[in-house]
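# have a look; sequence and predicted model below, questions after that.
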Amino acid sequence: MQDRCPHRYAPLSLGRVVHGDKIQCIYHGLEFDAAGACTLNPHPPGNIPSRAVLKSYPIAEKHKAIWIWMGDREADTARIPDFSVLDNVPEIYTTKRDKMMIKANYELVVDNLLDLSHTCYLHEGILGNADTVDSEITIEHDGDDVIAGRHATNCVPPGMWAMLWPDHPERVDKFSRIRWMAPSTLRLFVGVCDPGKPFETGTGYHAIHMLTPETDRTTHYFFTASRFGVKTTDASLNREIQAKIAKMRRFAFEEQDAPVIEAQQLNIDGSDNQLDPINLSIDVGPVRYKRVLQKMLAAEA
Amino acid sequence: MQDRCPHRYAPLSLGRVVHGDKIQCIYHGLEFDAAGACTLNPHPPGNIPSRAVLKSYPIAEKHKAIWIWMGDREADTARIPDFSVLDNVPEIYTTKRDKMMIKANYELVVDNLLDLSHTCYLHEGILGNADTVDSEITIEHDGDDVIAGRHATNCVPPGMWAMLWPDHPERVDKFSRIRWMAPSTLRLFVGVCDPGKPFETGTGYHAIHMLTPETDRTTHYFFTASRFGVKTTDASLNREIQAKIAKMRRFAFEEQDAPVIEAQQLNIDGSDNQLDPINLSIDVGPVRYKRVLQKMLAAEA
Amino acid sequence: MQDRCPHRYAPLSLGRVVHGDKIQCIYHGLEFDAAGACTLNPHPPGNIPSRAVLKSYPIAEKHKAIWIWMGDREADTARIPDFSVLDNVPEIYTTKRDKMMIKANYELVVDNLLDLSHTCYLHEGILGNADTVDSEITIEHDGDDVIAGRHATNCVPPGMWAMLWPDHPERVDKFSRIRWMAPSTLRLFVGVCDPGKPFETGTGYHAIHMLTPETDRTTHYFFTASRFGVKTTDASLNREIQAKIAKMRRFAFEEQDAPVIEAQQLNIDGSDNQLDPINLSIDVGPVRYKRVLQKMLAAEA
């Protein structure tokens, strides 16, 4: 709902919920229902002007997130990205639903996520290492979704994966498969397994990345993870592992990704010329999703 | 006086007063008198260029404040707003002369003050409560002044008034009468009395609100209060009450009014469209003073 | 070297030096040599696109500073300003090589330095005092250099000079000679001696001021000093004096000059009108160097 009382423009988010389903303006006490209609002017004579209406947006709750339709089109819940990996998951296997703000355009964050080669350098020791540089890269399209895969064989497991798997072998295969779902949500299936074995025998997590652009230069970043192939039944150890996954991921995003992404944005904005990036093999994911996104934006315009 | 030395533009406010009535520039020691004339160039040969002159503004000290005329017109001390309630008041009955900065246009602060219905919501429990919503609203014009009154009968006294009146009755009448004096000073007569009794039998304070616009989006807010109808002769208790009035008012302005007013400003500035507020009965004060103000601005232009 | 990887625009300054003389991008591990050529794309197939080149600037190390040529012209080490007073100086006679940032255009800092009359007021008690106001001012041109001198006789030595010279006489002559070397480096010969005696018999320091404009409104300020005419052979006392010189100069620049210079800039930028400063006898240095600078800028354009 529009965060601006039509009376004197105080933000309704400073107010409070009253009578179960009304929002009361903090400033003069006007009340509004979920559809945005003013239902109470508490001041005598209590008349409600016809213009006392807020714009209200449809929302849906699904996969433990709230989805909002800001545009003019009808809400279509069928188009909510598939994060069913978050449904019906035992609490012990999912990490804190966390969030942060990144001072950059959301596309730079998508670029970061859809090219996981950066884990070998930026997150070296935690999420990747020198052994994982030489990966087989795959790219798939599934409707509008773009899926980028990386597969590295016979690697010393990076810190996150060594931590996840208490009795891990000395060397592992590391696999990741990240799916971009327009415009800015991503689902990553990532883990390690015994060299040469199928992914299903391994352990890892489904990493959830939901990006909500706030402005052209600020992005809300929501993230969590849900484990698969858990290798120990020790509940207290699993609890400890969950906490460490959450902490290490937040560290990687906040202390490593965000500074680089925000510096990229400053470099781009500070350039006198229109920049034209160089594309390497690792950029196939970013290149492909941008094409889909451009097509969608063009269709909308 | 203009805060910019004509020599190298250092602010004279960084300098110091010398010889009783001269201001010395911190940077190179040039001295200026109250009229803005350079009276000393300390550097040989000591010549004083004809352009070494500052713009100086007339001021007057009255009602414990300093009044400045920034415009081109002659100073007219007869037009200083009447804050004589501050003159000759025993120290024990007036609160700290306090100040803060509000990051909003001064008109939003005047709107806030001239519509005291917001005390029932924004300052609920301190300056107003549910019982004071149903008030009789009055509006008067006195020359260019606009006076808005609110009168609520048979109310549980809000926190400030219960505190002020140690043996207060269970229910009171609450009265307030706020006078806007162009362009941005306000004097409020506010208090409580036994239900049905004349105001003069009650207790309360004259609240002083002086707004000095700094920029289009910042306002200096000066405030104090002077009690009337004091109900106890206990000096130590009165001292405690004075301190609590000052503290509660500062809390109300700083923690409750300022955040809402600054958020209003952001909402107004952030809107793509020209906004057109809805006016309710409570807005009669703001509507009326804006008319007077517009007329004055038009006359000046 | 340009601080922007041509791949995804991450700043290379966030990266690290590898293999002795390569810089590795923090984001995806691309490596570049000192000439700006990409020497490694670590990601299979390892191809290096022809556009993977950084702009690299010539530098030279001389007089304990690094000099960079940002423009299009050839580097010409013969044009490095003469700071040979810093070469081959015993460590005990030079102060910390210090730096700070000033939020103002570099010209305001040059103006400050080339008119040392301000030491009598802004740095009163430390670098100047009332006795040093009445100075003989000299001005010389040496090629493009501008040299401004101040000579005050029979003064109580200001704090810095009293501190420097443990058995100083009650009164001294104070001399300073500051050389501007285009566009923004300055070398100051400053000290005190027995009244009427030649400078060579005195004690003081060569003060080094190197200004590197960062933007139109920010300037890197690098400074140090190298003593001459040291009056004591006590090594521990000399060490103490060195530390005090560094500390007092930093105090003078950071707590006294910077606030005034930054306030000048705000006053200039905040003025509706084009300002036209008044020039006094003390401004001969600033007036002269600006003429040389304007001529150079015109020639370059």
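On my side now, so go ahead. Residues are numbered from 1 along each chain as shown, chains lettered A, B, ... in the order given.

# quick one: the strands in chain A?
A:16-18, A:22-24, A:31-32, A:38-40, A:59-62, A:65-68, A:98-102, A:136-142, A:145-155, A:172-181, A:185-193, A:203-215, A:218-228 (DSSP state E).

# okay, buried residues for the fourth one please.
Read that as strand A:38-40. By 16 or more other C-beta atoms under 10 Å in any protein chain shown, the buried positions in strand A:38-40 come out as A:38, A:40. Placement of C-beta: from N, CA and C, glycine included.

# and the residue nearest to residue A:70 when sequence neighbours are not counted, what does it touch?
Closest residue to residue A:70 apart from its sequence neighbours, by C-beta to C-beta, 6 or more residues apart in numbering or on different chains: residue A:57 at 5.9 Å. Taking C-beta atoms under 8 Å, 6 or more residues apart in numbering or on different chains, we find residue A:57 in contact with A:1, A:68-70.

# what does residue A:25 give?
So residue A:25 contacts A:5, A:7, A:10, A:12, A:15, A:31-32, B:121 (C-beta under 8 Å, 6+ apart).

# which residues touch stretch A:246-266?
Stretch A:246-266 is contacted from outside by A:95-96, A:98, A:100, A:102-105, A:108-109, A:112, A:122-123, A:126-127, A:159-160, A:163, A:207, A:217, A:221, A:223, A:225, C:8-11, C:14, C:26-27, using C-beta under 8 Å, 6+ apart.

# buried residues in that stretch?
A:246, A:248-250, A:252-253, A:256-261, A:263-266.

# equivalent analysis for stretch A:20-35, please.
Under the neighbour-count rule (16+ other C-beta under 10 Å), stretch A:20-35 has A:22-33 buried.

# would you mind giving those as JSON lines with distance to residue B:200 added?
Formatted as JSON lines, those follow (distance: C-beta to C-beta, whole Å):
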{"residue": "A:22", "distance to residue B:200": "41"}
{"residue": "A:23", "distance to residue B:200": "42"}
{"residue": "A:24", "distance to residue B:200": "36"}
{"residue": "A:25", "distance to residue B:200": "36"}
{"residue": "A:26", "distance to residue B:200": "35"}
{"residue": "A:27", "distance to residue B:200": "32"}
{"residue": "A:28", "distance to residue B:200": "30"}
{"residue": "A:29", "distance to residue B:200": "31"}
{"residue": "A:30", "distance to residue B:200": "35"}
{"residue": "A:31", "distance to residue B:200": "38"}
{"residue": "A:32", "distance to residue B:200": "42"}
{"residue": "A:33", "distance to residue B:200": "45"}
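
# distance from the chain centre to stretch A:212-229, please.
Relative to the centre of its chain, stretch A:212-229 is centred 2 Å away, using C-alpha atoms, centre = their mean, to the nearest Å.

# CA atoms only: put it into PDB for me.
Extracted C-alpha coordinates of stretch A:212-229, given in PDB (Å, rounded to 0.1, in the frame of the first residue of the first chain):
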ATOM      1  CA  THR A 212      14.200  -6.300  -4.800                       C
ATOM      2  CA  PRO A 213      15.300  -3.200  -6.600                       C
ATOM      3  CA  GLU A 214      14.600  -0.200  -4.400                       C
ATOM      4  CA  THR A 215      16.000   2.500  -6.700                       C
ATOM      5  CA  ASP A 216      18.200   2.500  -9.700                       C
ATOM      6  CA  ARG A 217      21.200   2.300  -7.400                       C
ATOM      7  CA  THR A 218      19.900   0.400  -4.300                       C
ATOM      8  CA  THR A 219      18.800  -3.200  -4.000                       C
ATOM      9  CA  HIS A 220      17.300  -5.100  -1.200                       C
ATOM     10  CA  TYR A 221      19.000  -8.500  -1.000                       C
ATOM     11  CA  PHE A 222      17.100 -11.300   0.800                       C
ATOM     12  CA  PHE A 223      18.800 -14.700   1.200                       C
ATOM     13  CA  THR A 224      18.500 -18.000   2.900                       C
ATOM     14  CA  ALA A 225      19.600 -21.600   2.300                       C
ATOM     15  CA  SER A 226      18.100 -25.000   2.700                       C
ATOM     16  CA  ARG A 227      20.300 -28.000   3.100                       C
ATOM     17  CA  PHE A 228      20.200 -31.400   1.200                       C
ATOM     18  CA  GLY A 229      22.100 -34.600   1.600                       C
END
